[in-house]
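J.: Predicted model, plus sequence, below.
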Amino acid sequence: MASKNYSSLVFFITIVASLGGLLFGYDTAVISGAVGALENQFVAPLEDDAIMASAAISGFKLIISLCVVAVGILFSSFILKFFKRSTAYAIVLFMVVVGGAIFYFQFLNLPGVMTENLRNSILGFMVSSALVGCIIGASMGDKVANKLGRRNGLLLSAILFLISAGGSAFPEMFNYFGRDVLTSFIFYRIIGGIGVGLASMLAPLYIAEMAPANIRGKLVSFNQFAIVTGMLVVYFVNYSIVQGQTDEWIYSVGWRRMFLSEVIPAFLFFIFLLFVPKTPRFQVMRGKDEKAMKILSRLNDPERASSILRDIRTSFDVKRAHWLTYGWGIVIIGLLLSVFQQFVGINVVLYYAPEIFRGMGMETDASLLQTIIVGVINMLFTVLAIFTVDSFGRKKLMLIGSLVMAVSMIGLGTVLYWQTTGIAALLLMLLYIAAFAMSWGPVTWVLLSEIFPNKIKGVMAVAVAMQWLANLLVSWTFPLMNNSTELNELFNHGFAYWIYGVMAVLSAVFIWKFVPETKGKTLEEMEDLWQQPKKEAAEVTV
């Protein structure tokens with residue numbers, strides 16, 4: 001009887017929190033349908049107006065400088081966690097001096113004149129600028145969770161989604177930054193990215209802390225399903241907006257409606273969050289054990305609720321260890337898992353899919369329809385991964401995914417090089433999406449949650465930040481490669497895809513040689529696995 005009483009509340013909480021995951025997918029994918037319009041609206045006019053171009057370049061330099069400072073502060077804080085204070089300060093000082101000099105002479109000191117590389121760089125950063133916010137939001141997630149709470153942190157992310165949706169749709173109307181409209185648009189995309197970063201951490205954390213242990217894994221994995229569902233939903237929304245419309249209408253009105261459409265799920269997310277409770281763990285952190293017990297009793301049998309409350313109190317007594325307690329090996333593996341997940345090029349496909357299909361000669365309607373097919377394949381194979389990762393194993397899925405992605409990307413680059421686009425290019429693209437969705441997409445998160453022992457779980461924040469940073473680099477550099485006149489004369493748009501194919505090959509070698517299988521292993525067994533090399537080294541020394 002008790003299970004029937006609390007099951008409805010558990011699933012309502014999961015659905016509400018997973019709206020954060022849906023908005024994660026929605027916000028990051030909404031840009032895909034608007035790339036051509038944004039280029040026409042913001043970038044193309046700069047080529048014919050030197051004064052406008054100079055103002056835009058000045059604003060671009062300012063916003064890139066602010067982003068570099070923010071990311072630099074974040075990674076400096078990570079360095080302080082890895083090294084002794086004196087060593088960390090020396091590394092940070094070296095980064096500031098050398099990095100600052102390179103940044104100044106290679107970027108800030110450039111003349112305010114529009115070149116092909118600068119034009120492509122501005123377009124790439126417009127598309128990927130939300131990822132800077134994701135890095136910031138994810139790094140703030142732990143502090144927000146502990147200061148405001150998990151639920152209130154999600155409320156904050158909902159507000160940021162609302163601000164970003166309105167500001168991105170009408171950057172002229174809501175330009176309070178004292179800069180040009182291009183800069184205003186980028187700022188609003190970064191604000192939305194902060195919301196994504198917060199939601200990416202807080203939504204699964206909220207679900208994990210509220211769900212009964214026997215169904216926690218399934219409910220947390222529902223958040224990943226919500227992310228790919230959000231991407232698929234926005235592909236349908238973008239298609240419905242442009243269907244039957246002219247390019248002129250899309251370039252003037254349609255792209256605004258794409259961004260504004262996010263107001264609806266963001267508003268629903270905010271309203272529904274007002275009806276869910278704060279997590280028991282946060283209530284205990286605030287010394288409100290009675291409220292924590294009340295929530296636990298609604299979610300579990302009374303005896304089980306008392307036991308969980310004792311466990312929560314005990315968990316606050318667990319001391320955190322130094323991040324290098326288990327050596328550099330586990331840290332580097334975690335970071336490379338995050339980096340390779342992005343360097344294989346997945347978000348280029350998700351963000352630029354309509355432009356890629358248009359480059360293959362398709363009309364706007366057809367290219368967005370093909371994007372819907374990409375979203376469907378992504379969702380279906382993500383579900384397949386969720387149901388097979390425990391039975392088939394993490395390492396096998398990742399290896400197979402890497403090899404299939406390598407074949408797909410190298411094949412796609414070759415098709416483009418031979419200029420024989422058509423059904424072959426579409427099938428290779430869909431094969432690539434399927435391979436990623438059933439391997440590196442969801443399984444990377446499973447591995448990251450399993451390989452780090454509880455004592456050094458904080459290292460996962462570095463891995464997540466690296467993932468967003470790698471995402472930013474890949475998304476930003478794609479237009480630089482794909483729109484380069486020089487590269488296209490040599491490779492006919494195939495160059496970028498060959499790079500991603502090579503990265504997929506390297507990711508396979510990495511998984512095969514260095515990543516352990518975590519299937520069926522307890523967290524304690526994983527801890528012993530990382531301690532074993534240290535024990536063997538100590539025995540050799542003796």
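T.: Sure thing, it's come through. Numbers count the residues shown, from 1 in each chain.
J.: Nearest the middle, which residue of the protein would you pick?
T.: In the chain, the centroid-proximal residue (CA atoms, centre = their mean) is residue 468; its distance is 5.4 Å.
J.: CA-only coordinates of the host helix or strand of it in PDB, if you can.
T.: Secondary structure from DSSP states H and E places residue 468 in helix 459-482. Only the C-alpha atoms of helix 459-482 are listed here, as PDB (Å, rounded to 0.1, in the frame of the first residue of the first chain):
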ATOM      1  CA  VAL A 459      37.000  15.800  -9.800                       C
ATOM      2  CA  MET A 460      33.900  15.200 -11.800                       C
ATOM      3  CA  ALA A 461      33.300  18.900 -11.900                       C
ATOM      4  CA  VAL A 462      36.600  19.400 -13.700                       C
ATOM      5  CA  ALA A 463      35.600  16.600 -16.200                       C
ATOM      6  CA  VAL A 464      32.200  18.300 -16.800                       C
ATOM      7  CA  ALA A 465      33.800  21.700 -17.300                       C
ATOM      8  CA  MET A 466      36.300  20.200 -19.800                       C
ATOM      9  CA  GLN A 467      33.400  18.600 -21.600                       C
ATOM     10  CA  TRP A 468      31.700  22.000 -22.100                       C
ATOM     11  CA  LEU A 469      35.000  23.600 -23.100                       C
ATOM     12  CA  ALA A 470      35.700  20.900 -25.700                       C
ATOM     13  CA  ASN A 471      32.100  21.300 -27.000                       C
ATOM     14  CA  LEU A 472      32.800  25.100 -27.300                       C
ATOM     15  CA  LEU A 473      36.100  24.500 -29.200                       C
ATOM     16  CA  VAL A 474      34.500  22.000 -31.700                       C
ATOM     17  CA  SER A 475      31.400  24.100 -32.300                       C
ATOM     18  CA  TRP A 476      33.300  27.300 -32.700                       C
ATOM     19  CA  THR A 477      35.900  25.900 -35.100                       C
ATOM     20  CA  PHE A 478      33.600  24.100 -37.400                       C
ATOM     21  CA  PRO A 479      32.700  27.200 -39.500                       C
ATOM     22  CA  LEU A 480      36.400  28.100 -39.600                       C
ATOM     23  CA  MET A 481      37.000  24.700 -41.300                       C
ATOM     24  CA  ASN A 482      33.800  24.200 -43.200                       C
END
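J.: Show the subsequent helix or strand relative to the helix ranked longest in the chain.
T.: Counting residues, the longest helix in the chain under DSSP state H turns out to be helix 50-82. Once helix 50-82 ends, the next helix or strand along the chain (criterion: DSSP H and E) is helix 85-94.
J.: mind giving me the domain ranges of this structure?
T.: Using automatic domain parsing, the domains assigned to the chain come out as 280-317, 326-537.
J.: what about the first one, average pLDDT?
T.: What domain 280-317 shows for mean pLDDT is 79.
J.: Quick check: buried residues in that domain?
T.: Of all the residues in domain 280-317, those buried under the rule 16 or more other CB atoms under 10 Å are 280-284, 291-293, 295-301, 305, 308-309, 312. C-beta here means a position set from N, CA and C on the backbone, and glycine is covered the same way.
J.: Helices - which of those residues land there?
T.: 280-284, 291-293, 295-299, 305, 308-309, 312.
J.: low pLDDT regions in the stretch 301-450 of the chain?
T.: Low-confidence segments of the stretch 301-450 of the chain (pLDDT under 70): 315-320, 355, 358-366, 421.
J.: what about the strands in it?
T.: With DSSP state E, counting those that start in this stretch, there are no strands along the stretch 301-450 of the chain.
J.: now the helices: where do they sit in it?
T.: Secondary structure of the stretch 301-450 of the chain (DSSP state H, counting those that start in this stretch): helices located at 302-315, 328-343, 346-359, 364-392, 394-417, 423-437, 440-451.
J.: how big is the angle separating the shortest one from helix 394-417?
T.: An angle of 150 degrees separates the directions of helix 440-451 and helix 394-417 when computed by axes from the mean of the first three to the mean of the last three CA atoms, to 10 degrees.
J.: tell me what helix 440-451 is packed against?
T.: helix 216-242, helix 328-343, helix 364-392, helix 394-417, helix 459-482, helix 523-541 (3 or more CB pairs under 8 Å, 6 or more residues apart in numbering; DSSP states H and E).
J.: Serialize those to JSON lines and add fields for distance to residue 444.
T.: Shown next, in JSON lines, are the helices and strands packed on helix 440-451 (distance: least, CB to CB, whole Å):
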{"stretch": "helix 216-242", "distance to residue 444": "11"}
{"stretch": "helix 328-343", "distance to residue 444": "5"}
{"stretch": "helix 364-392", "distance to residue 444": "11"}
{"stretch": "helix 394-417", "distance to residue 444": "8"}
{"stretch": "helix 459-482", "distance to residue 444": "8"}
{"stretch": "helix 523-541", "distance to residue 444": "16"}
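J.: tell me the SS of residue 114?
T.: coil (DSSP: H, G, I helix; E, B strand; the rest coil).
J.: Grab the nearest non-local neighbour of it.
T.: residue 53 (4.5 Å; CB to CB, 6 or more residues apart in numbering).
J.: Residue 118 is in contact with that neighbour, correct?
T.: No - contact criterion CB atoms under 8 Å: residue 53 and residue 118 do not qualify, at 9.1 Å.
J.: just to revisit the earlier point, adding distance to residue 222, write the domains of the chain out as JSON lines.
T.: JSON lines is the format used below for these (distance: least, CB to CB, whole Å):
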{"stretch": "domain 280-317", "distance to residue 222": "16"}
{"stretch": "domain 326-537", "distance to residue 222": "9"}
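J.: shouldn't residue 399 be in contact with residue 511?
T.: Yes - here residue 399 lies in contact with residue 511, judged by CB under 8 Å, at a distance of 5.3 Å.
J.: about what we covered before: okay but the residue nearest to the centre of the chain is in contact with residue 141, surely?
T.: No - the pair residue 468 / residue 141 is not scored as a contact, 11.5 Å apart, by CB under 8 Å.
J.: shared neighbours, these two?
T.: Between them, residue 468 and residue 141 share these contacting residues under CB atoms under 8 Å, 6 or more residues apart in numbering: residue 197.
J.: about what we covered before: quick one: work out the angle between the helix holding residue 468 and helix 346-359.
T.: Going by the same axes, to 10 degrees, helix 459-482 makes 20 degrees with helix 346-359.
J.: Which neighbouring elements make contact with helix 459-482?
T.: helix 50-82, helix 116-128, helix 130-147, helix 181-210, helix 328-343, helix 346-359, helix 440-451, helix 495-514.
J.: which helices and strands sit right next to the second one?
T.: What that stands for is helix 116-128. Using 3+ CB pairs under 8 Å, 6+ apart: helix 116-128 touches helix 35-38, helix 50-82, helix 181-210, helix 346-359, helix 459-482.
J.: likewise the last one?
T.: Helices and strands touching helix 495-514, by 3+ CB pairs under 8 Å, 6+ apart, are helix 328-343, helix 394-417, helix 459-482.
J.: got the angle between it and helix 423-437?
T.: 30 degrees.
J.: For helix 495-514, list the C-alpha coordinates in PDB.
T.: Extracted in PDB, the C-alpha atoms of helix 495-514 (Å, rounded to 0.1, in the frame of the first residue of the first chain):
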ATOM      1  CA  PHE A 495      38.200  18.200 -44.200                       C
ATOM      2  CA  ALA A 496      36.300  18.800 -40.900                       C
ATOM      3  CA  TYR A 497      34.600  15.300 -41.100                       C
ATOM      4  CA  TRP A 498      37.900  13.600 -41.600                       C
ATOM      5  CA  ILE A 499      39.200  15.300 -38.500                       C
ATOM      6  CA  TYR A 500      36.300  14.000 -36.500                       C
ATOM      7  CA  GLY A 501      36.800  10.500 -38.000                       C
ATOM      8  CA  VAL A 502      40.500  10.500 -36.800                       C
ATOM      9  CA  MET A 503      39.300  11.600 -33.400                       C
ATOM     10  CA  ALA A 504      36.900   8.700 -33.300                       C
ATOM     11  CA  VAL A 505      39.800   6.300 -34.100                       C
ATOM     12  CA  LEU A 506      41.900   7.800 -31.300                       C
ATOM     13  CA  SER A 507      38.900   7.500 -28.900                       C
ATOM     14  CA  ALA A 508      38.700   3.800 -29.800                       C
ATOM     15  CA  VAL A 509      42.400   3.300 -29.000                       C
ATOM     16  CA  PHE A 510      42.000   5.200 -25.700                       C
ATOM     17  CA  ILE A 511      39.000   3.100 -24.600                       C
ATOM     18  CA  TRP A 512      40.700  -0.200 -25.600                       C
ATOM     19  CA  LYS A 513      44.100   0.600 -23.900                       C
ATOM     20  CA  PHE A 514      43.200   2.700 -20.800                       C
END
